[in-house]
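Colleague: Here is a sequence with its predicted model. Questions after.
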Amino acid sequence: MALRAALRQKCGLIGILSQPSSSGSHSRVSAVLVSQMRNNATSPKIKVDFNQSTGVAVLSMQSPPVNSLSLDFLTELCISVEKLEMDRACRGLIITSSLPKVFSAGLDILEMYGKSPERCGEFWRAVQEMWLKMYSSNMVTIAAINGSSPAGGCLLSLTCDYRIMSDNPRYSIGLNETLLGIVAPFGTDKNIIKNTHTCSN
Ligand SMILES: CCCCCCCCCCC/C=C/C(=O)SCCNC(=O)CCNC(=O)[C@H](O)C(C)(C)COP(=O)(O)OP(=O)(O)OC[C@H]1O[C@@H](n2cnc3c(N)ncnc32)[C@H](O)[C@@H]1OP(=O)(O)O
């Protein structure tokens, strides 16, 4: 029931958030998706287990050492989510990490150093695409945060409907990217305190 109610609530949001973007930013992922489906390729950075009987998919991030969000990683993530969304049997999505200690280290710092303006633009569009796609997903989404989750990792978890974090004092979460001079828009951090629940691991 709770799952259904959450799903209904989300459907209201989708109408607003899934309007076609004037920048056409969603078309890149769709184009990649089409070509990937054609080639029947599998992604090594993301593992998806879909349980047909429950309608819930578990998406495990498995990009060592720290699941940093590179352009490739973000693209694969969006493709995986897009594929699940096309499957009407999939109602719920749990995002977690298959690495020990780290959920995601956030944006890949190497993407922000010594890159051309074009590449930087592509990267930041992919970041935006990721959080818009997750936030406007028609699935009920849960971040199972089983390790540290700074900055962009925290952002990824904020785009989900629910967050559950391992109760381990060695794991940290938060929008710490200001230390690198990257400023998140006002208001993005309030949900961490309100809606992040912890559990023992
Ligand atoms: C919902 C509405 C949203 C609205 C829009 C909001 C927009 C918000 C904008 C968000 C901007 C986000 C910016 C970022 O994410 S910048 C990146 C910030 N991340 C960090 O500062 C993380 C730094 N890393 C750590 O703290 C630790 O590495 C960590 C705790 C994750 C793991 O520690 P551990 O001890 O296990 O591992 P190491 O530190 O030894 O690291 C192992 C190797 O991994 C490399 N590494 C770590 N982090 C990154 C990274 N982010 N990118 C690339 N590489 C990374 C590290 O250098 C080590 O490499 P080597 O083994 O080669 O040394």
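Modeller: Received, thanks.

Colleague: Isn't Asp49 up against Val58?
Modeller: Yes: Asp49 is within contact range of Val58, at 4.8 Å (criterion: CB atoms under 8 Å). For glycine as for every other residue, the C-beta is placed from the backbone atoms N, C-alpha and C.

Colleague: how about low-confidence regions in the chain?
Modeller: Regions of the chain meeting the criterion pLDDT under 70 cover residues 1-43, 184-201.

Colleague: Name the residues of it found near the ligand, please.
Modeller: Residues of the chain lying close to the ligand by CB under 6 Å from any ligand atom are 65-66, 68, 101-102, 105-110, 131, 135, 148, 150-152, 155, 158-159, 177, 180, 182, 184-185, 188.

Colleague: Apply the buried test to the residues you listed and list what passes.
Modeller: For the residues of the chain next to the ligand, a neighbour count by 16 or more other CB atoms under 10 Å gives the buried set as 66, 68, 102, 105-108, 131, 135, 148, 150-152, 155, 158-159, 177.

Colleague: Among these, which lie within strands?
Modeller: Applying DSSP state E to these, the entries found in strands are Pro150.

Colleague: just checking, which of the buried ones among the residues of the chain next to the ligand belong to helices?
Modeller: Of the positions in these, 131, 135, 152, 155, 158 sit in helices, assigned by DSSP state H.

Colleague: Next, find the distance separating the closest residue to the second one other than its chain neighbours from Leu93.
Modeller: Nearest-residue entry for Tyr135: Thr159, 4.5 Å, with adjacent residues in sequence omitted and distances by CB to CB, 6 or more residues apart in numbering. Distance check for Thr159 against Leu93: by CB to CB, to the nearest Å, it reads 11 Å.

Colleague: which residues do the two both contact?
Modeller: When contacts are counted by CB atoms under 8 Å, 6 or more residues apart in numbering, Thr159 and Leu93 have Thr141 as shared neighbours.

Colleague: Enumerate every residue touching Pro65.
Modeller: For Pro65, counting by CB under 8 Å, 6+ apart, the contacting residues are 99, 102.

Colleague: all helices of the chain, in order?
Modeller: For the chain, the helices identified by DSSP H occupy 2-17, 26-39, 71-86, 117-135, 152-158, 190-195, in order along the chain.

Colleague: residues touching Leu110, list them.
Modeller: With contact set as CB under 8 Å, 6+ apart, Leu110 has these partners: 68, 70.

Colleague: With Cys120 instead?
Modeller: 111-112.

Colleague: I'd guessed Ala143 sits against Cys160; true?
Modeller: Yes: with contact defined as CB under 8 Å, Ala143 counts as touching Cys160 (4.2 Å).

Colleague: Looking at these two, which one has more neighbours?
Modeller: Residue environment comparison for Ala143 versus Cys160 gives the larger neighbour count to Ala143, 28 against 23, counting by other CB atoms under 10 Å.

Colleague: higher neighbour count, Asp49 and Val58?
Modeller: Between Asp49 and Val58, counted using other CB under 10 Å, Val58 has the larger neighbour count: 17 against 10.
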